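# okay, predicted coordinates and the sequence, questions at the end:
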There are 2 protein chains.
Amino acid sequence: MDQKIKSKETQNLIINNAFELFYKHGYNKTSIPEIIKGTGLSKGAFYHHFNSKKNIGEKVIDLTVRKRVYERMVVPLKNPDDAPVIPLLCDVFIKRIEGYSDLEKDLGCPANNLINEIGYSENSFRKMLRGIIDNWQLVMINLLEQGKIKGEIRKNIDTSATAIFLISAFEGVRGIRKVYDDDKILDEYLIAVKNYIEQLA
Amino acid sequence: MDQKIKSKETQNLIINNAFELFYKHGYNKTSIPEIIKGTGLSKGAFYHHFNSKKNIGEKVIDLTVRKRVYERMVVPLKNPDDAPVIPLLCDVFIKRIEGYSDLEKDLGCPANNLINEIGYSENSFRKMLRGIIDNWQLVMINLLEQGKIKGEIRKNIDTSATAIFLISAFEGVRGIRKVYDDDKILDEYLIAVKNYIEQLA
DNA sequence: AAAAAAACATTCTTATCAGTATGTTTTTGT
DNA sequence: ACAAAAACATACTGATAAGAATGTTTTTTT
């Protein structure tokens, strides 16, 4: 029984290391020798726990990338205690970005990076990344529909269109920010998205 | 003198081939042997005209990617004959997307793909890609300010923020579309961006 | 027409990759 | 305590990469 725990710990060690490298250098630029280098493990260990590079790619997306988006962007919008909708949207699409570290600004969004780098190449990756976006959009639609009922969101708002628009702008600006050295672009996005969200009421 | 033309033609042949491969498989996944394969040329020819992979990357960005964005997204917004602003924005951010081929939908935007894949890794790439976005944003700011004067755009609109917001949403949705098999996501974006643009008036 | 240079082709080098085969050590069930 | 299996390590294979070196052909200059 102790062995199962150790195995999971080793896998997580490798997965976490792989995630960091995928995030910093991209999936294609990251090699398996590089992934294990930071862990103190050997190639034999890696291939004992994962059967290919594609396999660890899937694990990273499922266990780390998906989890990150879920915790940061989906959970805050689930709104179990029925809070006002507009401030919730501001939390996720404005405050979230304001709280990023310089590194997170420089490197962009892990999910969006993978979508753009390998989103079209590998079908298993596509499906998982699509699931992440679908889930995000769904919780936003629910929130906005909820807002309509409560009279906080205009009745003529197309909720699924609004959701995709907000997600697109968010991911788009996080990508574009990568080629800039300062926060000018993010600040401009913040002004515009604030106006957009408020105009939903 | 004939030789100079031939040289340029060969370079363009290689550059065009490289662009297609970068677009389809990404910069890092594309090898120089692959690039020359489609041209009938040899590796010696390649390294006679370009001194490294980074070098052809720069040429592709400068001569093809920049030109594409300029012709498709910047020129239509330059508005020399003083046309109404809102329809012009619709042309670029709505009609443009509606006219894409299936392949263009699947593969996303070449500029945005490169921004996301190598935007942070190589400084010379960063600078050039940044220049493309800067130029795009600038022409939009001019157009919107022009629209304010003509009374077609609300006076309290932040033009640089609006420009980045539109660009971000456009590039964002083109990225996200890559993990989908149908146009649902694009259609939703189109509804939302139409409302957004019209609300600028 | 001969010399020089540009445009290519061929071959080679060195490095690194993903993945495999075959070990050794540690843990676990009996 | 011992056999089996899991968790690792080491060494290897074959493919492919970027780029350099060195060749040959074509074009240009004189």
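It's in.
# now chain A against chain B: closest residue?
When scored by C-beta to the nearest C-beta, chain A has residue A:172 as its residue closest to chain B, at 2.7 Å. For glycine as for every other residue, the C-beta is placed from the backbone atoms N, C-alpha and C.
# name the element the nearest residue to that residue once chain neighbours are set aside belongs to?
Ranked by C-beta to C-beta, 6 or more residues apart in numbering or on different chains and with sequence neighbours excluded, the top spatial neighbour of residue A:172 is residue B:172, at 2.7 Å. Taking DSSP states H and E as the definition, residue B:172 sits inside helix B:159-176.
# and if you look at residue A:157?
Counting by DSSP H and E, residue A:157 is part of no helix or strand.
# hmm, it is touching residue A:148, no?
Yes: taking contacts as C-beta atoms under 8 Å, residue A:157 lies within contact range of residue A:148: 7.2 Å.
# if we can go back for a sec, and for the residue nearest to residue A:172, the neighbour number?
Neighbours of residue B:172 under the rule other C-beta atoms under 10 Å in any protein chain shown: 30.
# equivalent analysis for the one 4 residues further on, please.
Residue B:176 sits with 27 neighbouring residues when counted by other C-beta under 10 Å.
# going along the chain, name the helices of chain A.
Counting by DSSP state H, chain A has helices at residues A:2-25, A:32-37, A:43-49, A:53-59, A:66-69, A:75-78, A:85-90, A:96-98, A:102-107, A:110-118, A:123-149, A:159-176, A:184-198.
# quick one, domains of chain A?
A:1-51, A:64-198 (automatic domain parsing).
# so which of the ones you listed comes closest to residue B:18?
Smallest distance to residue B:18 across the domains of chain A (C-beta to C-beta): 16.4 Å, for domain A:1-51.
# how far away is the nearest residue to residue A:62 once chain neighbours are set aside from residue A:164?
Leaving aside its sequence neighbours, residue A:62 sits nearest to residue A:128 (C-beta to C-beta, 6+ apart; 6.0 Å). In this view, residue A:128 and residue A:164 are 19 Å apart by C-beta to C-beta, to the nearest Å.
# okay, the two: which has more neighbours?
Neighbour count, other C-beta under 10 Å: between residue A:128 and residue A:164, residue A:164 has more, with 31 against 20.
# so what's the residue count around the closest residue to the more buried one other than its chain neighbours?
Distances taken as C-beta to C-beta, 6+ apart put residue B:188 closest to residue A:164, at 4.3 Å, once the chain neighbours are dropped. Residue B:188 has 22 neighbours, counted by other C-beta under 10 Å.
# show me what contacts residue B:188?
Residue B:188 makes contact with A:158, A:160, A:161, A:163, A:164, A:165 under the criterion C-beta atoms under 8 Å, 6 or more residues apart in numbering or on different chains.
# any idea which of the residues you listed is closest to residue A:47?
The closest of the contacts of residue B:188 to residue A:47 turns out to be residue A:164 (C-beta to C-beta; 39.8 Å).
# what sits against that closest one?
By C-beta under 8 Å, 6+ apart, residue A:164 lies in contact with A:137, B:173, B:176, B:185, B:188, B:189, B:192.
# give me that answer again for 10 Å
Counting by C-beta atoms under 10 Å, 6 or more residues apart in numbering or on different chains, residue A:164 makes contact with A:133, A:136-137, A:140-141, A:158, B:169, B:172-173, B:176-177, B:184-193.
# and if you look at residue A:148?
A:85, A:154, A:155, A:156, A:157, A:159, A:200 are the contacts of residue A:148 under C-beta under 10 Å, 6+ apart.
# so which two of the residues you listed are the farthest from each other?
Once C-beta to C-beta is applied, the contacts of residue A:148 give A:85 and A:156 as the farthest pair, at 15.7 Å.
# which parts of chain A sit against DNA strand C?
Contacts of chain A with DNA strand C, taken as C-beta under 7 Å from any atom of the strand, map to A:1-3, A:6, A:30-34, A:43-44, A:47, A:51-54.
# check pLDDT for the residues you listed and point me to the minimum.
Sorting these by pLDDT puts residue A:1 at the bottom of the list (61).
# where are the low-confidence patches of chain A?
Within chain A, the segments meeting pLDDT under 70 span A:1.
# in it, what residue is nearest DNA strand D?
Closest residue of chain A to DNA strand D, C-beta to the nearest atom of the strand: residue A:44 (1.9 Å).
# check contacts around that residue.
Each residue near residue A:44 by C-beta under 10 Å, 6+ apart is listed here: residue A:36.
# same deal with the one 5 residues further on?
Each residue near residue A:49 by C-beta under 10 Å, 6+ apart is listed here: A:7, A:8, A:10, A:11, A:13, A:14, A:15, A:41, A:55, A:56, A:59.
# again, only this time at 7 Å
By C-beta atoms under 7 Å, 6 or more residues apart in numbering or on different chains, residue A:49 lies in contact with A:10, A:11, A:14.
# again, but for residue A:147
Here residue A:147 is in contact with A:85, A:153 (criterion: C-beta under 7 Å, 6+ apart).
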